[in-house]
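Student: I would like the atomic coordinates for the input below:
(one chain, ligands or ions: 1)
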Amino acid sequence: MITTIIVVLIVLYFVKNIYTEFVANNSNPLAAGDNDKDKSIVQGKFTPKTLAKYNGKDDPKIFIAVKNRVFDVTQGAAFYGPGGPYENFAGRDASRGLALNSFDPAVLTPIDQPIDDLKNLTKLELESLESWDEHFENRYKIVGTLHENGTVKEED
Ligand code: HEM
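Tutor: Have a look, this model is predicted:
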């Protein structure tokens, strides 16, 4: 009898270990800790034009750029997907819109123009942008960076 109980406990122990390992390997990367998130970063170079197709329509993925880092916001499709309140940001450099707290599409620089250098933003606007940047960093995976015509944009 005792032997049976011991055998059952050992079997349960192994089953639990296998289950825990399975859950860890299949967990949602967005729900994972920072280290796991960093490992899953896919580095890609985008220009405003190559970014534009990731708008949830031309491509089901939705990317947005904030301060020249490109985030995969596909998980937030309810916000940025077609018909969402912030769809104007999908496939675009959203920095100025976030700084000004405006989802007016006219605020964003057209994709055939040089990347917005954000130089004329006020201190308050820069702070707003900064806190949105943190929000995206905490919530979404970085998939690349935004560049002018494929050349690396100089840091200010
Ligand atoms: C009209 C008033 C507004 C209301 C009632 C509103 C409401 C909301 C709500 C309820 C959320 C979800 C918060 C969460 O669960 O994390 C949200 C997120 C957000 N809002 Fe607004 N919002 C407004 C205006 C704006 C404006 C003007 C902008 C322009 C920058 C904006 C940009 C965002 C962004 C970027 C998110 C984050 C979505 C994400 O986590 O991916 N909102 N808003």
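Student: mind giving me the domain split of the protein?
Tutor: 2-31, 41-146 (automatic domain parsing).
Student: let me know which of those domains is tucked in deepest.
Tutor: Neighbour counts (mean count of other C-beta atoms under 10 Å) averaged over each of the domains of the chain peak at domain 41-146, with a mean of 17. C-beta coordinates here come from the backbone N, C-alpha and C atoms, glycine included.
Student: near the ligand, anything from that one?
Tutor: Yes - counting by C-beta under 6 Å from any ligand atom, the ligand has neighbours in domain 41-146: 73, 76, 79, 86, 97-98, 101-103, 139.
Student: any low-confidence regions in this protein?
Tutor: 1-43, 150-156 (pLDDT under 70).
Student: residue ranges for the helices of it, please.
Tutor: Taking DSSP state H as the test, the helices found in the chain are 2-26, 34-39, 48-51, 77-80, 95-99, 123-139.
Student: ok, residues contacting the fourth one?
Tutor: With C-beta atoms under 8 Å, 6 or more residues apart in numbering as the contact definition, helix 77-80 has outside contacts at 56, 62, 64, 73, 84-87, 89-90.
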